[in-house]
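In: Output the structure for:
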Amino acid sequence: MEKIVDQQLVHCKADLLDFGCGNMPYRPLFERKLQTYLGFDLPGNEMADGIISGDGRLERKDESVDIVLSSQVLEHVASPDTYLTEAFRVLRPGGQLILSTHGVWRYHPDPADFWRWTCDGLKKLISAYDFEITYFEGLMGPEATAIQLWQDIKLLRIPDTLRTSFTWTMQRLMERADRRCQTADRDRDACVYMVVATKGTAVPKVSLPDEPQ
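Out: Prediction:
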């Protein structure tokens, strides 16, 4: 996210909408370059500035923000179609979608967990809504991801007194494994994908299924 803020933002003093904001962990990174930072979430999040309705709609006017941030949200929405259509709707022409979501990861409902993406599938999905992808990066290659998943499975079986040392060791192994991974391999088969895309001028081209099959 630091690299995105430093190298990919094209709008200075912009208005950003954090779509599914949670506790807004990246707000301090973005705020130094923004005019406004607005968090939108499901009802019940007292930190949020606005509400996402039960059908996934934003209480926000058309073409009213320069940036939509979506951090680890897409896998949790029942309808990617609605979510990306809303992101497209509230962005001004030329606005940026900054999105991260999982490739390979364990089931983690919040409140539900519907989707995982391949690199090609995620590119196809986002491009279908007339977003032009300008940046695409895989984070954590296959070997590092395997170590992370194994760590998480084993962690609760490790005595409390050894968990810190165990986690530290696993993280160092992950770091070394990812250093050996070729960029092309990581972009093709990653734990997390990071995407930056620019809004075009057309309406979304396709409609995808609303519910998991």
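In: So residue 105 sits against residue 117, correct?
Out: No. At 10.3 Å, residue 105 does not count as touching residue 117 under the criterion of Cβ atoms under 8 Å. Where C-beta positions appear, they are placed from N, C-alpha and C, glycine not excepted.
In: Where do the helices of the chain begin and end?
Out: 2-7, 27-31, 80-90, 119-127, 142-155, 160-180, 183-188 (DSSP state H).
In: Save the ones you listed as TSV, and put in mean pLDDT, mean neighbour count and distance to residue 53 too.
Out: Formatted as TSV, the helices of the chain follow (pLDDT from 0 to 100; neighbours: other Cβ atoms under 10 Å; distance: least, Cβ to Cβ, whole Å):
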stretch	mean pLDDT	mean neighbour count	distance to residue 53
helix 2-7	92	12	28
helix 27-31	93	14	23
helix 80-90	97	21	10
helix 119-127	97	17	22
helix 142-155	95	16	33
helix 160-180	96	13	39
helix 183-188	94	15	35
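In: Tell me which of those helices sits nearest to residue 196.
Out: Nearest of the helices of the chain to residue 196, taken as Cβ to Cβ: helix 2-7 at 6.5 Å.
In: Could you list the domains of this protein?
Out: 2-141+183-199, 142-180 (automatic domain parsing).
In: what about residue 62, how many neighbours?
Out: The burial count assigned to residue 62 is 9, neighbours taken as other Cβ atoms under 10 Å.
In: Spit out the contact partners of it.
Out: Going by Cβ atoms under 8 Å, 6 or more residues apart in numbering, residue 62 touches 89-90.
In: so what sits against both of residue 105 and residue 117?
Out: Contact with both residue 105 and residue 117 is made by residues residue 75, according to Cβ under 8 Å, 6+ apart.
In: More neighbours: the two, which one.
Out: Using other Cβ under 10 Å, the more surrounded residue of residue 105 and residue 117 is residue 117, with 22 against 18.
In: what residues are up against the more buried one?
Out: Contact analysis of residue 117 by Cβ under 8 Å, 6+ apart lists 74-75, 101-103, 125, 193.
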